[in-house]
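Undergrad: Starting from these lines, generate the structure:
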Amino acid sequence: MRIDIPFIVDHLPLLWQGMKVTLLLTLLGIVLGIALGALLAIARLSGIRPLTVAAAAYVDLFRLLPLLLIIFWVYFLLPLWLGRPIGGFYSALVSFVLYEAAYFSEIIRSGILGIRRGQINAGLASGLSYAGTMRHIVLPQALRNMLPVLLVQCINLFKSTSLVYVVGVNDFLMAADVIGTKDNRLIEMYGFVALVYFTACFLASLAVNRLQRRYAL
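TA: Residues are numbered from 1 along each chain as shown. I've put the predicted structure just below:
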């Protein structure tokens, strides 16, 4: 079957509109997920038993659940609790943040544990609070060690955004599906979507590998 390249080119503006939604979800998911993940990691390492137990329970719960199930929970059940719908985009965003925070938390916690305890003690001895010690002394050093792994998780999040298709968010995959269904060009559209995801993730993986080699040296 002949692939109609001009057809794809003609619909690039519509596909780009969907890609902007995908990129926005990815960016917000990364920023908010890392912020929540950092709080969870700090709570888990705080030594305060209620915080440690609560953070560990959160991480274990969300790491053991499928992301698609969390999206369904937020999309269908959260509006019942709030008393009003929150829409597919915000349902997906909340789901990504909650889910990815559990993984980011473990990455950040591992990075923090790689820093010598003496530096934490020195920060506390200098008058900094525990949170201040983490913010000004530990996290900047830990970032170097955990950056490649964080980037890998960000790549996974970018791929996972395609799941928002199931709650009707007009992302890159949905835009391609609508165009392909309307004009009976699903092969071109799905093939192009696969090519874009593959290329983006492949280039990002090369960048991660380069970082890993650089830091290994």
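Undergrad: what's the average pLDDT for the longest helix seen in the chain?
TA: The residue-count maximum for a helix in the chain (DSSP state H) belongs to helix 12-45. For helix 12-45, mean pLDDT rounds to 93.
Undergrad: next structured bit after it?
TA: helix 49-64 (DSSP states H and E).
Undergrad: what angle sits between that next one and helix 12-45?
TA: 140 degrees (axes from the mean of the first three to the mean of the last three CA atoms, to 10 degrees).
Undergrad: distance between helix 49-64 and the chain's centre?
TA: Centroid displacement of helix 49-64 relative to its chain, using CA atoms, centre = their mean, to the nearest Å, is 19 Å.
Undergrad: Which of the helices or strands spans the residue nearest in space to the middle of the chain?
TA: Among the residues of the chain, the one closest to the centroid is residue 157, at 3.9 Å (CA atoms, centre = their mean). Assessed by DSSP H and E, residue 157 sits inside helix 139-160.
Undergrad: Please point out which parts of that helix sit buried.
TA: Residues 139, 142, 145-155, 157-158, 160 are the ones in helix 139-160 that count as buried (16 or more other CB atoms under 10 Å). Glycine gets a C-beta too; all of them are placed from N, C-alpha and C.
Undergrad: coming back round to it: what sits against the residue nearest to the centre of the chain?
TA: 26, 29-30, 33, 96, 100 (CB atoms under 8 Å, 6 or more residues apart in numbering).
Undergrad: what's the burial count for residue 71?
TA: Residue 71 is flanked by 24 other residues according to other CB atoms under 10 Å.
Undergrad: pLDDT score for it?
TA: Predicted confidence (pLDDT) for residue 71: 94.
Undergrad: For the nearest residue to it once chain neighbours are set aside, which residues are in contact?
TA: Nearest residue to residue 71, sequence neighbours excluded (CB to CB, 6 or more residues apart in numbering): residue 95, at 4.4 Å. For residue 95, the contacting residues are 67, 70-71, 73-75, by CB under 8 Å, 6+ apart.
Undergrad: 7 Å instead?
TA: Applying CB atoms under 7 Å, 6 or more residues apart in numbering to residue 95 gives the contacts 67, 70-71, 74.
Undergrad: Select from the residues you listed every entry located in helices.
TA: 67, 70-71.
Undergrad: Including distance to residue 124, could the residues you listed go into a markdown table?
TA: Formatted as a markdown table, these follow (distance: CB to CB, whole Å):
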| residue | distance to residue 124 |
| --- | --- |
| 67 | 38 |
| 70 | 37 |
| 71 | 41 |
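Undergrad: I appreciate the help and will end here.
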